[in-house]
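1. All I have is the shape, not the residue letters:
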DNA sequence: TCTTTATTCGCATGAATATGTGATTTGTAT
DNA sequence: ATACAAATCACATATTCATGCGAATAAAGA
């Protein structure tokens, strides 16, 4: 039985979710409050939910501040944000504060149920739009440093092999070339980078100097 | 009709996915190749898929390198990684390179179909385990990777020497110990870190995994 | 056409590394 | 008192790496 709590000041929404989840045979939602402060009170009194559904816009402390405090005191509780906000700032603040999932409020009840199960199975439920924003966070940040590699495509391949900790033999296998070719490339790489050991190439590469 | 391409060198898997997706009324998978190089050739010849499913471990260029090149030349193509790798390094490399989704290979065919639709609707398909790793990246960028180093002070010194690109001899000189002592320490370091080459130690260290 | 560059391959050799099997000393914890 | 981890050193050997020399092919430029 998954014990669930909800912090949501809109009573209509809260009741709807509570009723629906309580109808599920493997779920129980008995902790339904409309502020972080009340939830903290319940937790202090020994209540021990597995998952918390949390709004951001709340009376008193915001949901994001709530995450920080709750995760600090009760790190084993998983928190899913359930909110109307889809701006990157609130999303990332929530995730950085310790939320394990982020759903938008138009998420259907069955999807909320699925998300909770997903979370208990080691997943991280997100609405598609949220996932997109999270992914985009990785996509762009790059254009800062470009140390003019000078390395050819193949040479870059070889460097990647080295970084992966492969021996010449394994690199040769990976690219289906002879070990002597690998040697040849490495010679050229060393010349271009002004180094003379695998170690230095790996270090340079991982420091972003290639 | 969603035009799909797949880069996957395992013909069994590729054929299975191809047949399944072609059975969908709104999807068409005609571009099925087993290397990035071949896909680039098709794209150059005017093929224009909406979505690419891409493996990471491929003959020739890796899938991650492939993303970079394809996204640079054809930024409108959405790429979903479909691979067995679930280590953070490969996930983040893929996302940073421009992937819009990341699925593990045990994903069922209907889920792959859903993921493609999700993507076309502005989502970012991810397997739950992947989503979790992505979220964790925000949760606590630091304490997550504290794998209990176990390395002693001296061992850490040696690791630093390796990262600086020094040979055993030079490390011995730096700390005024014999080269055999350096060897001994390195043996112990390898055991503790479960590696067996300088290269891997340097890589781990620079990734903050020590 | 001629030149460069990228990529491929081979052979050879000394240097460095990986790994095994020891051993001694000095603290610290039990 | 003694058990144990940390640090030190030695010897041996098989593998891997660094590097020199040489060379062929194909693609891209001058």
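-> Nice, thanks for sending it over. None of these values were measured; they are calculated from a predicted model.

2. give me the element the most far-flung residue of chain A relative to its centre is part of.
-> Largest separation from the mean C-alpha position in chain A: residue A:180, at 42.2 Å (Cα atoms, centre = their mean). Per DSSP states H and E: residue A:180 is located in helix A:179-193.

3. for that helix, which positions count as buried?
-> Using 16 or more other Cβ atoms under 10 Å in any protein chain shown as the test for burial, helix A:179-193 gives A:182, A:185-186, A:189, A:193. Any C-beta I mention is one placed from the backbone N, CA and C, and that applies to glycine too.

4. of all the residues in chain A, which ones are close to DNA strand C?
-> Counting by Cβ under 7 Å from any atom of the strand, the residues of chain A close to DNA strand C are A:152-155, A:175, A:177-178, A:180-181, A:183-185, A:188, A:197, A:199.

5. 6 Å instead?
-> Contact residues (Cβ under 6 Å from any atom of the strand) of chain A with DNA strand C: A:152-155, A:177-178, A:180-181, A:183-185.

6. what is the mean pLDDT for the helix holding residue A:180?
-> Averaged across helix A:179-193, pLDDT comes to 92.

7. helices and strands around whichever helix or strand comes after it, which ones?
-> Using DSSP H and E, the next helix or strand after helix A:179-193 towards the C-terminus is helix A:198-206. If contacts are counted by 3 or more Cβ pairs under 8 Å, 6 or more residues apart in numbering or on different chains; DSSP states H and E, helix A:198-206 sits against helix A:153-163, helix A:179-193, helix B:153-163, helix B:198-206.

8. what's the closest of those to residue B:29?
-> Shortest distance between residue B:29 and the helices and strands packed on helix A:198-206, using Cβ to Cβ, is found for helix A:153-163: 27.7 Å.

9. Can that closest one be said to contact chain B?
-> Yes: counting by Cβ under 8 Å from any Cβ of the partner chain, chain B has neighbours in helix A:153-163: A:153, A:156-157, A:160, A:162-163.

10. And the contacts of that helix?
-> Here helix A:153-163 makes contact (Cβ atoms under 8 Å, 6 or more residues apart in numbering or on different chains) with A:149, A:151, A:170-171, A:174-175, A:182, A:185-186, A:188-189, A:192, A:198, A:201-202, A:205-206, A:210, B:61-62, B:65, B:199, B:203.

11. how far does that helix sit from the chain's center?
-> Between the centre of helix A:153-163 and the centre of its chain there are 29 Å (Cα atoms, centre = their mean, to the nearest Å).

12. so what does the next helix-or-strand element following it touch, helix or strand wise?
-> The first helix or strand that comes after helix A:153-163 along the chain, using DSSP H and E, is helix A:168-175. Here helix A:168-175 touches helix A:153-163, helix A:179-193, going by 3+ Cβ pairs under 8 Å, 6+ apart.

13. okay, the angle between the last one and helix A:168-175?
-> Read it as helix A:179-193. Orientation of helix A:179-193 against helix A:168-175 (axes from the mean of the first three to the mean of the last three Cα atoms, to 10 degrees) gives an angle of 100 degrees.

14. helices or strands next to helix A:179-193 in the packing?
-> Applying 3+ Cβ pairs under 8 Å, 6+ apart, one finds that helix A:179-193 makes contact with helix A:153-163, helix A:168-175, helix A:198-206.

15. what angle sits between it and helix A:198-206?
-> 60 degrees.

16. Is DNA strand D within reach of helix A:179-193?
-> Yes: Helix A:179-193 is in contact with DNA strand D by Cβ under 6 Å from any atom of the strand, via A:183-184, A:186-187, A:190.

17. Paired strands for the helix or strand in which residue A:29 is found, with orientation please.
-> For residue A:29, the host element (DSSP H and E) is strand A:27-33. Paired neighbours of strand A:27-33 in the sheet (DSSP bridges): strand A:2-7 (parallel).

18. C-terminal to the strand it pairs with, what's the next element?
-> Per DSSP H and E, strand A:2-7 leads on to helix A:11-23 as the next helix or strand towards the C-terminus.

19. Would you mind pulling up the elements that that following helix packs against?
-> When contacts are defined as 3+ Cβ pairs under 8 Å, 6+ apart, helix A:11-23 packs onto strand A:2-7, strand A:27-33, helix A:109-120.

20. Let me know the angle separating that helix from strand A:27-33.
-> When the same axes, to 10 degrees is applied, the directions of helix A:11-23 and strand A:27-33 differ by 150 degrees.

21. what angle separates helix A:11-23 from helix A:109-120?
-> Angle, helix A:11-23 to helix A:109-120, by the same axes, to 10 degrees: 60 degrees.

22. Tell me the buried residues in helix A:11-23?
-> Neighbour counts over helix A:11-23 (16+ other Cβ under 10 Å) mark A:14, A:17-18, A:20-21 as buried.

23. What lies in contact with that helix?
-> Residues from elsewhere that reach helix A:11-23 (Cβ under 8 Å, 6+ apart): A:4, A:6, A:8, A:27-29, A:32, A:34, A:53, A:105, A:109, A:112-113, A:116.
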